[in-house]
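Student: prediction below, plus the sequence it came from.
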Amino acid sequence: KSHMTPKPMNGPKNSHFQCLDVVGRPKVKYIAMTRDGRDVMKSLEKFLRIHTKEFRTMWGGFPPPLENMEAAFDFCMPTENIPVLGYIKEWWPYR
């Protein structure tokens, strides 16, 4: 298992994970996998829901209290709240 992603084709790296020279090694085959988005959402909803008020206070209000799956979905729609989407986006040009 690795969280490494390809070096950007154009522009600077924005993460230390962007270290694979995919373009420079054309004969190497890579397999990039991720979880189904529905599974990610269900897992995230459960994870965010289990924290106590005391825990949230200690962490400055994070994670936000979520009442249901719809609230979890709304929380994630600014996609920067779901790190796995960046991983997919970095691999997508090489499919």
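Tutor: Sure, I can see it.
Student: mean confidence score for the lengthiest helix in the chain?
Tutor: Identified as the longest helix of the chain according to DSSP state H is helix 37-49. Per-region confidence: helix 37-49 scores 80 on mean pLDDT.
Student: quick one: name whatever helix or strand follows it.
Tutor: helix 53-58 (DSSP states H and E).
Student: what sits up against that following helix?
Tutor: For helix 53-58, contacts defined as C-beta atoms under 8 Å, 6 or more residues apart in numbering pick out Phe62, Pro63, Pro64, Pro65. To be clear about C-beta, it is placed using only N, CA and C from the backbone, and glycine gets the same treatment.
Student: any idea where the strands of the chain begin and end?
Tutor: For the chain, the strands defined by DSSP state E occupy 5-6, 18-20.
Student: the last one pairs with which strands?
Tutor: If you go by DSSP bridges, strand 18-20 pairs up with strand 5-6 (parallel).
Student: can you list the residues that contact the strand it pairs with?
Tutor: Here strand 5-6 makes contact (C-beta under 8 Å, 6+ apart) with 15, 17-23, 32, 87, 90-91, 93-94.
Student: ok, so of the residues you listed, who is nearest Phe47?
Tutor: Ranked by distance to Phe47 (C-beta to C-beta), the contacts of strand 5-6 are led by Tyr87 at 18.2 Å.
Student: one step back: out of the contacts of strand 5-6, which are buried?
Tutor: Leu20, Val22, Ala32, Tyr87, Glu90, Trp91 (16 or more other C-beta atoms under 10 Å).
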